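Undergrad: I'll drop the sequence and a predicted model, then ask my questions.
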Amino acid sequence: MAAQIDTLGIGDDHDGLVRRLITRWRDDPNATYRSWFLWDERLKNFRSIRRGIGQVVGEIERGTFGVTYRGSSLETVVHSVAEQRQIFKGADHAFRWKPKLRIPDIYESPENQRAFGRLLDACSCCDTAEEIIGHIHAIDRLKIKGLRPAVASLLYFLHPTLVPPFNTAIVKGYNALTGANVKLGSWEHFLAMRTGVLDLNERHRELLSNDLGAIGGLLFDVGSGRYPAPPLDGSSATLANWGSRLEAAREEARTLSQAALAQGECERTHTEIQAWLRDLGLALGYDVWIAANDRSRPFNGSPLGYGCLERLPATIATSKGADSIRLIDVLWLEKGGDHVAAAFEVEHSTSIYSGIVRMLDLALSGSELHATAGLFLVAPDTREADVRAQLQRPAFSRVADLDISYLPYGELEKNREAIGRFGSGLKAIKAIASKLV
């Protein structure tokens with residue numbers, strides 16, 4: 001027992017124990033560090049969530065936001081946040097209208113609604129922590145019922161290096177790791193926790209990230225019981241008990257290896273569909289662009305972007321939606337030109353919100369060259385009803401002006417070889433897709 005306790009760090013300070021915890025957590029394929037923070041789609045969704053927040057602000061300013069959550073632009077963007085895997089699951093709960101409690105009071109009070117819009121708008125435009133904190137203090141003084149730090153999850157997507165994500169499990173994890181007593185519903189407590197999170201992140205920066213999503217994920221896994229917080233007193237008995245619980249977490253990770261493999265298969269399926277579209281576009285004589293953050297992803301022994309464009313044409317790279325366009329899963333461009341013939345977003349299991357926003361950025365980029373592009377949502381055969389339902393949201397009203405179609409995996413798999421050998425242009429690909437609007 002003495003040797004085991006020594007291995008666990010008798011004599012180490014608390015930071016040393018936290019470092020051991022972080023190292024173990026980073027190696028777990030089922031922990032949020034690998035399953036969410038390093039997830040490629042996480043970064044791709046940042047711009048679309050920010051754009052959604054901008055739409056909420058715009059509707060509030062024009063007085064067209066409405067008096068209900070369901071069907072609103074806010075529901076659309078919060079729903080997209082909630083689908084950012086486990087760490088944000090349930091993010092929409094705080095924004096759902098609870099009529100008996102009359103909370104959150106931003107639907108029936110125009111004044112409170114405008115204050116909420118000003119907070120989002122101000123935080124979208126500011127650059128410093130001091131400005132963000134000042135705006136938080138301003139809305140806190142209004143004491144809007146039911147709003148409080150749930151908004152921090154939106155602010156995280158605006159300023160991931162300045163505002164940590166915030167929910168019940170993260171608060172529990174922070175309290176367990178630091179011995180603090182942060183309360184969930186208080187802006188004052190949130191700001192105190194933010195200071196502590198930044199300090200904790202700074203002490204372990206080499207194992208975490210400037211992006212506070214990493215430490216947010218750690219706190220989430222501790223607070224949800226996935227990993228035990230190291231003891232604060234450092235006695236032999238508590239250290240031994242913590243070591244046993246940490247080892248139990250390791251064993252649990254091993255037993256979940258099959259689930260992790262299954263998740264990996266899901267991610268590979270997304271890459272495989274991109275590869276199908278890549279090969280089909282090249283066979284049809286198009287130049288092909290693979291999403292900037294996917295180009296180096298390995299597939300069948302070579303990078304996914306092999307044989308594709310290494311940079312977008314200047315007319316696209318300098319357009320107002322360039323940051324979003326470069327993240328579209330697959331683009332087909334006329335050979336040697338700058339006309340986008342088709343754009344494909346592969347929506348394997350996530351919300352279609354981000355993909356639609358990227359397509360809107362392409363279609364509305366200010367160039368006539370892209371307004372006529374064929375736009376395709378590529379998804380499992382079973383997701384058509386979900387895709388159509390999502391497109392009925394008010395936030396997607398501009399989609400009605402676009403040439404957008406649903407392309408099911410099954411039809412693509414069954415017909416891609418024949419289209420590549422005998423097809424030309426987009427006629428064949430449109431024949432196996434179905435119009436969405």
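TA: Happy to help now that I have it. Since we're looking at a predicted model, the values are computed, not measured.
Undergrad: Just the helices from the stretch 251-400 of the chain, written as ranges.
TA: Along the stretch 251-400 of the chain, the segments classed as helices by DSSP state H, counting those that start in this stretch run 257-283, 314-317, 322-325, 353-363, 368-371, 384-390.
Undergrad: Reformat the ones you listed as CSV; add mean pLDDT, distance to residue 129 and mean neighbour count.
TA: Every residue, glycine included, has its C-beta placed from N, CA and C. Listed next are the helices of the stretch 251-400 of the chain as CSV, based on pLDDT from 0 to 100; distance: least, CB to CB, whole Å; neighbours: other CB atoms under 10 Å:
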stretch, mean pLDDT, distance to residue 129, mean neighbour count
helix 257-283, 73, 34, 16
helix 314-317, 88, 32, 16
helix 322-325, 85, 23, 20
helix 353-363, 78, 27, 25
helix 368-371, 56, 38, 17
helix 384-390, 80, 35, 15
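Undergrad: Quick one, which of those gets closest to residue 424.
TA: Nearest to residue 424 among the helices of the stretch 251-400 of the chain is helix 257-283 (10.3 Å), distances taken as CB to CB.
Undergrad: What helix or strand is residue 105 located in?
TA: Counting by DSSP states H and E, no helix or strand carries residue 105.
Undergrad: Now do the spatially closest residue to it that is not a sequence neighbour against residue 303, distance only.
TA: Among residues not flanking residue 105 along the chain, residue 145 sits closest, at 4.4 Å (CB to CB, 6 or more residues apart in numbering). Separation of residue 145 from residue 303 (CB to CB, to the nearest Å) stands at 52 Å.
Undergrad: Name the spans of the stretch 151-300 of the chain whose pLDDT lies under the cut-off.
TA: 234, 253-268 (pLDDT under 70).
Undergrad: count of neighbours near the residue nearest to residue 105?
TA: 15 (other CB atoms under 10 Å).
Undergrad: and it, which of the three is it?
TA: Three-state call for residue 145 (DSSP: H, G, I helix; E, B strand; the rest coil): coil.
Undergrad: Now do the strands in this protein.
TA: Taking DSSP state E, the strands of the chain run over residues 287-290, 298-299, 302-303, 330-333, 340-346, 374-379, 404-408, 434-435.
Undergrad: Can you check which of those gets nearest to residue 120?
TA: The minimum distance between residue 120 and those falls on strand 340-346, with 25.8 Å, by CB to CB.
Undergrad: So what touches that closest one?
TA: Contact with strand 340-346 is made by 270, 273-274, 277, 281, 286, 316, 328-334, 352, 355-356, 358-359, 362, 369-370, 373-379, 407, 425-426, 429, as judged by CB atoms under 8 Å, 6 or more residues apart in numbering.
Undergrad: swap the cut-off to 7 Å and go again
TA: The contact list for strand 340-346 (CB atoms under 7 Å, 6 or more residues apart in numbering) reads 270, 273-274, 277, 286, 328-334, 355, 358-359, 362, 369-370, 373-378, 426.
Undergrad: what does stretch 145-159 give?
TA: Against stretch 145-159 from outside (CB under 7 Å, 6+ apart): 46, 49-50, 53, 81, 88, 91, 94-95, 101-106, 116, 119-120, 123-124, 132, 163-167, 185-187, 190.
Undergrad: Mind checking which of these land in helices?
TA: Cross-referencing the contacts of stretch 145-159 against helices under DSSP state H gives 46, 49-50, 53, 81, 116, 119-120, 123-124, 132, 187, 190.
Undergrad: Buried residues in stretch 85-94, which are they?
TA: Residues 85, 86, 87, 88, 91, 92, 94 are the ones in stretch 85-94 that count as buried (16 or more other CB atoms under 10 Å).
Undergrad: make that stretch 47-63, sorry
TA: 47-57, 59-60.
Undergrad: Residue 176: which of the residues you listed is nearest?
TA: Set against residue 176, the nearest of the buried residues of stretch 47-63 by CB to CB is residue 49 (28.8 Å).
Undergrad: Could you give the number of residues near the nearest residue to the closest one once chain neighbours are set aside?
TA: Leaving aside its chain neighbours, residue 49 sits nearest to residue 157 (4.6 Å; criterion: CB to CB, 6+ apart). Other residues near residue 157 come to 23 when the count uses other CB under 10 Å.
Undergrad: Please apply the same query to residue 326.
TA: Residue neighbour count, defined by other CB under 10 Å, stands at 18 for residue 326.
Undergrad: I figured it was touching residue 313, is that so?
TA: No - look at residue 326 against residue 313 with CB atoms under 7 Å: they stay out of range, at 11.4 Å.
Undergrad: Next one: the nearest residue to residue 129 once chain neighbours are set aside from residue 231, what distance?
TA: Leaving aside its sequence neighbours, residue 129 sits nearest to residue 162 (CB to CB, 6+ apart; 4.9 Å). Counting by CB to CB, the gap from residue 162 to residue 231 is 31 Å.
Undergrad: So these two - more neighbours on which side?
TA: The residue with more neighbours, out of residue 162 and residue 231, is residue 162; 21 against 16, by other CB under 10 Å.
Undergrad: how much space between that one and residue 23?
TA: With distances taken as CB to CB, residue 162 is found 26 Å from residue 23.
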